[in-house]
Structures are given as structure tokens and as C-alpha cells.
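Visitor: Predicted model and sequence below, questions to follow.
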Amino acid sequence: MPFSVVILAAGQGKRMHSDLPKVLQPLGGRTLLEHVVATAATLKPDAMYVVYGHGGEQVQKALKHLDVHWVQQAEQLGTGHAVLQAMPQIPDEHAVLVLYGDVPLLRVATLQALLAAATRGELAMLTAKLSDPTGYGRIVRDAEGQVARVVEQKDANAAELRIAEASTGPLACQAGPLRRWLKSLGNDNTQKEYYLPDVVPAAIGEGVLVTAILAADESEVAGVNDRTQLAAAERALRRVRAADLMQRGAILRDPERIDVRGELECGRDVVIDINCIFEGRVKLGHRVHIGPHVLIRDCELGDDTEVYANSVLEGASIGARVRIGPFARLRPGAALAEEVHVGNFVEVKNSRLGAGTKANHLAYLGDAEIGKQVNVGAGTITCNYDGANKHRTVIGDDAFIGSNTSLVAPVTVGAGATIGAGSVISKEAPAGELTLERAQQKTVTGWKRPRRK
């Protein structure tokens, strides 16, 4: 059966105390709404509608890349009213899956169960047995155990408030009946709103079976309304992603201390130490070892590469059997061939390092093309910026750059050249020769250092 997804994203999120609309709050490298859209998209719906209200222009501008139809709810008159705004665009023969932009951790299997029930002509609603159902509508069942109605927290009596099974919001059913039920909703409640769960009595009145799909756990259905709930969702997502990595073969030294804020692909026998953060798209080859306290963003690392503690890698391409760190920084455009060593307190930016090249400590390599088997001594810097423009440094294969050397770009060091320690090189250094530049050393006899009176 064809189906449409309707995502309710009109809430203001006052409890966030933020200038961002609630659905734009970040969670694991994406906004709340992006999580919901991405999960729904795996089901391949025929259409997806996002109902917006507060901060609508801001939401659309930030998420203009999403393949969704935007529908405005000009007045926030309740969840039932919000769904009704999208219904004119949805054909009767579609099933409708209603989701919430602030419930980001729903599982694909759960949504599939909701849709399957809707395809059978049932009204399927997602419920959960919560340790603390405060704030949720309660599921009231009849004597036979069937769902009879949903009563909202503010309208529930004392007995109903003791019910642990809660309506979590998401539901699915066929579009034709849903359209009819939504139009018949009333707002005779404390909030004077048109509640989506009030379609349940209407469905029962027409003899439609109401099926409660029980969520796997509380975290799956947890809504995010404040900073505390956002942090709880972050923890839950972190555990899910860590478990998935381990199921696919990664070795995590402590699954509680890893943050994947994007997409992480791991080869076989990858080892990740504590407190590592992965952002954007990261790909780790076979047998890669990541030391503690490492941040990697938008990088690809080849087989058998090791990254030592406290290193930061961003936008870099890294070959096989490379050694990085500790305390190294690779900035965007860094490209390291196989068996390169970039050691402690070395920064590489927009530069290519050929196979076997080593810069083991205390260097800055920016806007450079460095050949194979080059040795870069401690304290070497490429002086790439003249105050207005960036210039490139080219170093040929097998060159040896002595410690504390400044290479003033644009400049070329030929293959096999040696640069004497402490040199400032601003002209071409010929291949195979020793080039050095030093002021004459002298001693001033009898000179006295000034002293404070």
C-alpha cells in the first residue's frame, strides 16, 4: 500500500531556553528533525510532509536539503489540527504514518510494525510502559483488554494517572478514515486543543480495530522538551551506536565513552580507546587503532594506521600504516601517503606528504607538496602566508630538512637536497646539495645584561 509520512514539528520548545526552534536542537551530529526524517526515509514513503509553526522560516532554511514537503500550521491548535493541515495533499488510498519531530530515536522495526497494522485496515498507535508516565496520555483499556481511549495527563483522574501504559504519539492508519476522524475532533478539554489521540474513540465507534504497538524501551519513544531530556537522548543514542559498532566487529575499550556524531564505518579488528569523538563521515580501515581523547571529523584512514592520544584530524585523507600523534593536528586538505609519520605537536594543513615521509615533532606544514622519504626536522615551518595570499612550498623526494628551518614560500627544495639546521630558505635549494643560511656567530666580550634598579 502506498503511504505518506506526516511529521509534526510546530512546537516552539520554550523549555529549551534557546533561540533555535526545538526541532533544530542538535543530537548526535544531526538536528532532532533530521533524525526523524532519516529514519522515516529508510521505509521509502511516497511522500513526506513536515508540519511547521514556530520558527518555520528558520527550520526550512536550515534543513532545505531535506526531501520533504513543508506544511504550515498557522495557529497551534493541537496535534490533531496539525495533522489535518497535511491531509489535503494525501490521497485516500494512502496509509498515513504520523511521527513527531522531537521524538528522534524511533527504530525502523517499530515504524514497520505500525505500517503493517495500518495496511491491514487497523488504527495502530505506539505505546510504552513507562516508569514515570508523567506528561503522557494514558491508554485506557476495556474489560477485554482492548484499547478504549486515550486520556491526556491534564484531563486524567486519579485512577487514570496510575496507568503505566502511555500513548507516545506516533500512529498509523489509512488516510480516508483518518481524514474523517480528524474533521470530527472536538476541543472540549482543558487546553482547548484538538488532540490527535482523540481519533481512537472515533475509530472504535466505527468498528475499526485499534492496535497498540508496544515500544522496545523507554528511550525509543522519549520526547525531547528540555536540555535534560536532550542530554538523556544523547546518552541513549551513544549507547545504540556503540552497540552497533561492536556488533559489526569494532573493539571499544569502554562503550560508555565514545561519541559518534555522524557516520562511522569500521573495517575488521578496529580498536577505539576511551573518549573519542567521530563527526561527519569517518571511515577506518582494517586494524586501525585510535588512541584515547582523539577527535576525527570527515576523514578516511587506511589499514593498520595508528592515531595516538589527543590528536585532532579534520578533512584529511590518510593512507595505510601511518602513525599520527600524540598531540598532532591534521587540518582540511591534509593527505598522507602510506607509512608517513606525523608526530607530537605537528600540524599539517592543505599539504600532501609522500610515502615514508616523517615529521616527528614540532612542525607546521601548510600549503606544501612534500615528496617521498623526506625527513622534516623539529621546529620546521612552511611560511605560507604573506599577509594577503597563501603560497606553496615544494620539497622533492629524499630531502632532509634540518631542525628549526623556515621555508619561505613560494619556494622549492630539490630532490635529495639537505637544508642545514636553523636556516631561513627563501630561494630555490638545488637537488642533491647542502643549502644553509646563517648569520655569523660572534661573542661580545664584557657585555652586561641590564638589571632592574
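Guide: Cool, got the structure.
Visitor: looking at the protein, which helix or strand is least sure?
Guide: None of the helices or strands of the chain scores lower by mean pLDDT, DSSP states H and E than strand 147-151, at a mean of 86.
Visitor: List the pairing partners of that one within its sheet, with orientation.
Guide: strand 137-141 (antiparallel) (DSSP bridges).
Visitor: How far does the strand it pairs with sit from its chain's centre?
Guide: Once both centres are worked out by Cα atoms, centre = their mean, to the nearest Å, strand 137-141 turns out to sit 35 Å from its chain's centre.
Visitor: which residues are contacting it?
Guide: Residues external to strand 137-141 that are found in contact with it (Cβ atoms under 8 Å, 6 or more residues apart in numbering): 127, 147-153, 156, 160-161, 163, 165-167, 195, 197, 212. No exception for glycine: its C-beta is placed from N, CA and C like everyone else's.
Visitor: quick one on the thing from earlier: any chance you could list what contacts the least confident helix or strand of the chain?
Guide: The contact list for strand 147-151 (Cβ under 8 Å, 6+ apart) reads 125, 137-142, 160, 167, 195, 197-198, 200-201, 204, 210-212.
Visitor: now swap in stretch 309-326 and tell me
Guide: Contacts with stretch 309-326, where a contact means Cβ under 8 Å, 6+ apart, come from 273, 285, 291-308, 327-344, 348, 355.
Visitor: Distance across it, terminal residue to terminal residue?
Guide: 5 Å (Cα to Cα, to the nearest Å).
Visitor: Same check on stretch 382-402?
Guide: Terminal residues of stretch 382-402 are spaced 13 Å apart (Cα to Cα).
Visitor: so where's the stretch 201-350 of the chain uncertain?
Guide: Within the stretch 201-350 of the chain, not a single segment meets pLDDT under 70.
Visitor: Could you pull out the helices in it for me?
Guide: For the stretch 201-350 of the chain, applying DSSP state H, counting those that start in this stretch gives helices covering 218-221, 227-247.
Visitor: can you list the ones you listed in a markdown table and add distance to D367 and mean neighbour count?
Guide: Formatted as a markdown table, the helices of the stretch 201-350 of the chain follow (distance: least, Cβ to Cβ, whole Å; neighbours: other Cβ atoms under 10 Å):
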| stretch | distance to D367 | mean neighbour count |
| --- | --- | --- |
| helix 218-221 | 47 | 19 |
| helix 227-247 | 36 | 16 |
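Visitor: quick one, domains of the chain?
Guide: Listed by automatic domain parsing, the domain ranges of the chain are 3-221, 251-435.
Visitor: need those domains in CSV with distance to A236, can you?
Guide: Listed next are these as CSV, based on distance: least, Cβ to Cβ, whole Å:
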stretch, distance to A236
domain 3-221, 4
domain 251-435, 12
